[in-house]
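Novice: 3D, please:
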Amino acid sequence: MVFQNYALYPHMTVYNNMAFALKLRGMAKSEIDARVRAAAATLGIEGLLDRKPKALSGGQRQRVAVGRAIVREPKCFLFDEPLSNLDAKLRVTTRAELKALHLRLRTTTIYVTHDQEEAMTLGDRIVVMSNGLIQQAGPPLEVYHKPANRFVAAFVGMPPMNFFDGTIERRGEQFAFVPAAADATGRPAALAFPAFRSGKVSGLVGRPVVLGVRPQMFREVGGAEGEGSGAVITMPVRVTEPLGDTVDVFCGTAAQGHVVARVGAKTKAKAGETIVLSVDMGEAHVFEPGEFGRNLTA
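Specialist: Residues are numbered from 1 along each chain as shown. Purely as a prediction, here's the structure:
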């Protein structure tokens, strides 16, 4: 097990921290030395074996904690939020090291984290839990693209998925989602589903539902991204966050709720103005109302 707070013995050197459990087993000194040095080489900490924990950085301490687990050659590792005490930059590099280590050792690893980005990048299989109950289990991309319920959809993905309360109506040969709250034009938008989604939504006409739209599913109409689809909504802009190649535009009102759209870097959106967004309704999700509302279109 690798603990969140490392749990290293402060009075012992790195070498002795890693060797301690093997000494308690009564293992031969030569075997202990071989295992410790092999693990240190794997983790790139051969030059730190004579130091004590107080002389190490956070990332180095974490590697020692991992090394202490590796030398035991277990059938399974349990990582308890091992990166939560590291700064953002070190967290990214250490995460890559852990994934590379797993590929080398090929040992089953159970990794506990509240960071969905860690789960997505490290896991071969994700188990999303809430209140002690499993909400969904599956490969990362399956959980991302086909969330079982609203809780999973909100938890997996960054920025989180946007949700709109409303109903589904039939309009001629098309089906459209009509939000309960009016947009910035003063009237509810009608967001039409493409024909290939008709089979999924035709049985939901008239029912109160929740539409889930990821920030990446929006495109700015008339902006650098082009015209987009016919499913269009106009939103007031509250604030923008430039990210380099993209911009997160925070929109919405108290009635509409909090909405984030990730658009191109050349957007002209400004706080206090409005932005016209088209929605990729081919990728949108429809949920039952409630925090754990079932995905009706998965």
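
Novice: break this protein into its domains for me.
Specialist: Here the domain parsing of the chain from automatic domain parsing is 14-122, 162-287.

Novice: how many residues are close by F79?
Specialist: Number of residues near F79 (other Cβ atoms under 10 Å) recorded here: 22. Glycine gets a C-beta too; all of them are placed from N, C-alpha and C.

Novice: so where's the chain uncertain?
Specialist: Residue ranges of the chain with pLDDT under 70: 223-230.

Novice: any idea where the strands of this protein begin and end?
Specialist: For the chain, the strands defined by DSSP state E occupy 76-80, 108-112, 126-130, 133-138, 162-171, 174-179, 191-192, 208-213, 218-220, 232-242, 246-251, 259-264, 274-279, 285-287.

Novice: as a markdown table, these with distance to T185 would be great.
Specialist: Formatted as a markdown table, the strands of the chain follow (distance: least, Cβ to Cβ, whole Å):
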| stretch | distance to T185 |
| --- | --- |
| strand 76-80 | 50 |
| strand 108-112 | 46 |
| strand 126-130 | 37 |
| strand 133-138 | 37 |
| strand 162-171 | 15 |
| strand 174-179 | 12 |
| strand 191-192 | 13 |
| strand 208-213 | 18 |
| strand 218-220 | 16 |
| strand 232-242 | 5 |
| strand 246-251 | 13 |
| strand 259-264 | 15 |
| strand 274-279 | 9 |
| strand 285-287 | 23 |
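
Novice: want to try CSV for the domains of the chain, with distance to L8 as columns?
Specialist: Formatted as CSV, those follow (distance: least, Cβ to Cβ, whole Å):
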stretch, distance to L8
domain 14-122, 4
domain 162-287, 37
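
Novice: biggest helix in this protein, by residue count?
Specialist: helix 88-105 (DSSP state H).

Novice: what's the angle from it to strand 76-80?
Specialist: When axes from the mean of the first three to the mean of the last three Cα atoms, to 10 degrees is applied, the directions of helix 88-105 and strand 76-80 differ by 170 degrees.

Novice: and helix 88-105, what does it pack against?
Specialist: Contacts defined by 3 or more Cβ pairs under 8 Å, 6 or more residues apart in numbering; DSSP states H and E place helix 88-105 against helix 29-43, helix 58-70, helix 116-122.

Novice: can I get these in TSV including distance to T109 and mean neighbour count?
Specialist: As requested, the helices and strands packed on helix 88-105 are exported to TSV (distance: least, Cβ to Cβ, whole Å; neighbours: other Cβ atoms under 10 Å):
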stretch	distance to T109	mean neighbour count
helix 29-43	15	16
helix 58-70	10	23
helix 116-122	8	18
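
Novice: thinking again about what came up before, ok, which of the domains of the chain comes nearest F151?
Specialist: Between F151 and those, the tightest spacing by Cβ to Cβ is seen for domain 162-287, at 9.7 Å.

Novice: so what's the most centrally placed residue in the chain up against?
Specialist: Of all residues in the chain, the one closest to the mean position by Cα atoms, centre = their mean is Q116, 3.1 Å from it. Q116 is in contact with 155-158, counting by Cβ atoms under 8 Å, 6 or more residues apart in numbering.

Novice: drop anything exposed from these.
Specialist: Neighbour counting with 16 or more other Cβ atoms under 10 Å marks 155-157 as buried within the contacts of Q116.

Novice: which ones among those are found in helices?
Specialist: F155.

Novice: before we move on, the earlier item: could you export the helices and strands packed on helix 88-105 as JSON lines, including distance to H145?
Specialist: Output for the helices and strands packed on helix 88-105, formatted as JSON lines (distance: least, Cβ to Cβ, whole Å):
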{"stretch": "helix 29-43", "distance to H145": "34"}
{"stretch": "helix 58-70", "distance to H145": "32"}
{"stretch": "helix 116-122", "distance to H145": "12"}
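
Novice: which one, of the ones you listed, ends up nearest to T246?
Specialist: Nearest of the helices and strands packed on helix 88-105 (Cβ to Cβ): helix 116-122, 16.2 Å.

Novice: chain center to the closest one: distance?
Specialist: Chain-centre distance of helix 116-122: 6 Å, with Cα atoms, centre = their mean, to the nearest Å.
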